[in-house]
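Visitor: the following comprises the amino acid sequence and a computationally predicted model.
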Amino acid sequence: MTTGMAPLRKRRHKSLTMTTIAILLGVLSLATLILLSKIGNDDGTTEGTSAILWEKVCTEQTGTHDLPFCNMNLSRQERVADYIGRIDMPTKAKMMVNDASEFEALHIPPYQWWSEGLHGPLVPCVCVASNPEGQQELQEQQQICKCPSSYPCPSALAVSFNNTLYNLIGAAIGKEGRAINNVRKRDSKVGDGIDFWSPTINMQRDPRWGRNQEVPGEDPVLTGQYAVNYVRGLQEGAQNDFNDAQDVKNSNPYVQIVAGCKHFVANSLEDWNGHTRMNFDANISKTDLSNYYMPAFRACVMEGKSLGVMCSYNSINGKPACANEWLLNTALRETWGFQGYVTSDCGAISFIVNPHKYAANGSEASALAIKAGTDVNCGSTYLNSITSAIQEGLLTEEELDKSFSRLVDIQMRLGLFDNSKASHPYFQYGINDIDTAEYQSLALEAAHQSIVLLKNDGGTALPLKKGRKVAVIGPHFN
């Protein structure tokens with residue numbers, strides 16, 4: 001699979017003959033240009049205290065500056081080992097859910113693993129003071145407010161067949177997401193972290209699937225190319241944009257945002273004939289898995305170097321994805337060389353018990369999932385059941401530490417344990433890196449490339465004949 005870059009601008013008109021339809025326009029693509037991502041208050045901002053994420057971690061203010069896990073002259077492996085040795089087991093359980101708990105003894109704040117970036121950052125609008133410090137007069141201080149950019153959904157974007165465009169959009173979403181994170185108000189709610197559970201790269205198997213707009217299409221090669229270039233952009237930024245930022249003792253660079261390819265794997269069903277995405281068992285031959293359902297994820301990991309993967313709700317050949325050791329360890333880590341963390345889809349660990357009935361209770365489900373390689377539980381099963389799983393002998397602390405260490409490693413790759421954030425490039429992004437003229441132009445170009453014109457050969461489709469019925473389908477036409 002190639003990751004070569006095509007020119008950004010390319011011919012977008014396609015001459016096709018159809019007997020039932022003449023023109024299909026990217027209405028949804030153009031509509032995305034006026035969307036604003038707003039969560040929280042009516043003005044789109046959030047309540048909380050404004051500060052850089054984990055601003056005081058590993059600083060002299062907290063008295064942790066000289067501890068080994070803060071020592072940037074040590075290898076990341078040494079720092080991770082020192083840190084996890086200082087955390088008690090019940091606290092580790094609290095840190096392995098999406099809304100991870102704080103650890104006051106080391107001045108570690110809460111962390112939210114769940115955010116999104118499918119067609120723009122799932123983050124609030126933000127405001128900063130425009131008046132210089134100390135110049136505030138009697139009137140309320142003036143503010144500059146910016147909202148995140150929005151791009152065409154992947155189903156529209158894919159028809160550009162343009163790897164360069166996928167990469168540039170990923171880089172823009174990553175940089176803007178990091179910039180907003182640096183100036184937003186902290187609330188530890190969904191969207192507060194810098195791990196984006198995107199892109200969605202399941203196969204588009206049926207036009208009735210409710211999430212078709214989230215994915216590039218039914219072609220595993222195209223979907224893989226999209227994943228590779230989007231993920232490289234999201235994590236590494238645009239070419240020559242801090243790609244050489246290095247962790248002192250490690251060859252791997254920092255990442256601006258951690259990507260998360262989902263939903264691994266064979267999850268393209270919503271609700272049909274009593275089967276839902278939560279309870280169905282996908283019976284798939286190894287040939288179909290290898291040739292059709294897994295190539296996009298393989299490309300995401302091996303070529304895109306994604307540091308995150310989300311396991312899906314469904315079972316594969318009788319075993320729930322998030323408790324599937326062959327899927328998450330043998331294929332993902334051992335065969336593909338995955339170096340990141342796995343999160344469950346939200347509620348998926350509890351679904352191992354019911355409706356899948358693969359485990360008797362939360363303790364057994366937690367043990368099976370952690371042993372299989374699921375590091376974060378989006379939900380509360382780990383929080384409530386890890387301690388009992390260890391007490392009952394279903395899970396060892398060594399197995400828990402192996403999983404927990406992957407989460408700490410990711411946070412170090414994001415620079416959260418650095419004791420020099422003031423000089424770290426990704427922590428310098430700010431209000432001027434949000435909703436820029438460059439991003440507006442990129443969004444417009446992406447919308448243009450998402451439009452497909454079909455040729456009306458011989459007037460076979462237009463004008464419509466009297467009495468002909470036309471079905472207009474899609475989320476904006478319901």
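Guide: Good, I have the coordinates. Numbers count the residues shown, from 1 in each chain.
Visitor: low-confidence ranges in the stretch 251-400 of the chain?
Guide: Along the stretch 251-400 of the chain, the parts satisfying pLDDT under 70 run over 251-252.
Visitor: can you show me the strands along it?
Guide: 261-264, 271-272, 275-276, 281-282, 308-311, 315-316, 319-320, 341-344 (DSSP state E, counting those that start in this stretch).
Visitor: got those as CSV, with distance to residue 192 and mean neighbour count columns?
Guide: Where C-beta positions appear, they are placed from N, C-alpha and C, glycine not excepted. Shown next, in CSV, are these (distance: least, C-beta to C-beta, whole Å; neighbours: other C-beta atoms under 10 Å):
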stretch, distance to residue 192, mean neighbour count
strand 261-264, 19, 26
strand 271-272, 31, 13
strand 275-276, 29, 14
strand 281-282, 33, 18
strand 308-311, 16, 28
strand 315-316, 32, 22
strand 319-320, 29, 24
strand 341-344, 15, 27
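Visitor: okay, the ones you listed in TSV with distance to residue 437 next?
Guide: Formatted as TSV, those follow (distance: least, C-beta to C-beta, whole Å):
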stretch	distance to residue 437
strand 261-264	31
strand 271-272	43
strand 275-276	44
strand 281-282	45
strand 308-311	31
strand 315-316	46
strand 319-320	47
strand 341-344	35
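Visitor: so which of the ones you listed gets nearest residue 107?
Guide: strand 341-344 (23.0 Å; C-beta to C-beta).
Visitor: contacts for the closest one, please.
Guide: Residues outside strand 341-344 that contact it (C-beta atoms under 8 Å, 6 or more residues apart in numbering) are 98, 113-114, 197, 260, 264, 307-311, 322, 328, 332, 369, 373-379, 406-407, 409-410.
Visitor: of those, buried ones?
Guide: Taking 16 or more other C-beta atoms under 10 Å as the criterion, what is buried in the contacts of strand 341-344 is 98, 113-114, 197, 260, 264, 307-311, 322, 328, 332, 369, 373-379, 406-407, 409-410.
Visitor: now do the contacts for the residue nearest to the spatial centre of the chain.
Guide: The centroid of the chain falls nearest to residue 197 when counting by C-alpha atoms, centre = their mean (2.1 Å). By C-beta under 8 Å, 6+ apart, the residues touching residue 197 are 114-116, 260, 262, 308, 310, 343.
Visitor: need the pLDDT of it.
Guide: In this model, residue 197 is scored at 98, pLDDT.
Visitor: ok, now residue 60?
Guide: 89.
Visitor: count the neighbours of it for me.
Guide: 10 (other C-beta atoms under 10 Å).
Visitor: same question for residue 467.
Guide: Neighbours of residue 467 using other C-beta under 10 Å come to 5.
Visitor: ok but it is inside a strand, no?
Guide: No: the assignment for residue 467, made by DSSP: H, G, I helix; E, B strand; the rest coil, is coil rather than a strand.
Visitor: measure it to residue 460 for me?
Guide: Distance from residue 467 to residue 460, counting by C-beta to C-beta, to the nearest Å: 16 Å.
Visitor: which stretches of the stretch 1-150 of the chain have low pLDDT?
Guide: Checking the stretch 1-150 of the chain against pLDDT under 70 turns up 1-50, 131-141.
Visitor: can you give me the strands for it?
Guide: Taking DSSP E, counting those that start in this stretch as the test, the strands found in the stretch 1-150 of the chain are 13-17, 49-50, 99-100, 111-112, 126-129, 143-146.
Visitor: which residues does residue 97 contact?
Guide: Contacts of residue 97 (C-beta under 8 Å, 6+ apart): 376-380, 382-383.
Visitor: please apply the same query to residue 115.
Guide: Taking C-beta under 8 Å, 6+ apart, we find residue 115 in contact with 121-123, 177, 190-197.
Visitor: just these: which are in helices?
Guide: residue 177 (DSSP state H).
Visitor: tell me the one among the contacts of residue 115 nearest to residue 414.
Guide: Using C-beta to C-beta, residue 194 is the member of the contacts of residue 115 that lies nearest residue 414, at 5.6 Å.
Visitor: isn't the closest one right up against residue 258?
Guide: Yes: using C-beta atoms under 8 Å, residue 194 is in contact with residue 258, at 6.8 Å.
Visitor: return every residue with contacts to both of these two.
Guide: With C-beta under 8 Å, 6+ apart as the test, residue 194 and residue 258 both reach residue 414.
Visitor: now residue 172, nearest residue through space, not along the chain?
Guide: Spatial nearest neighbour of residue 172, excluding adjacent residues (C-beta to C-beta, 6 or more residues apart in numbering): residue 439 at 5.2 Å.
Visitor: correct me, but the one you found touches residue 149?
Guide: Yes: counting by C-beta under 8 Å, residue 439 touches residue 149, with 4.3 Å between them.
Visitor: which neighbours do these two share?
Guide: 172, 176.
Visitor: still on that earlier bit, distance to residue 69 added to the contacts of residue 97, as TSV?
Guide: Shown next, in TSV, are these (distance: C-beta to C-beta, whole Å):
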residue	distance to residue 69
376	20
377	24
378	26
379	28
380	27
382	22
383	23
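Visitor: next step: the residues you listed restricted to helices.
Guide: 382-383.
Visitor: ok, of the contacts of residue 97, which one's closest to residue 66?
Guide: Within the contacts of residue 97, the smallest distance to residue 66 is 29.8 Å, found for residue 376 (C-beta to C-beta).
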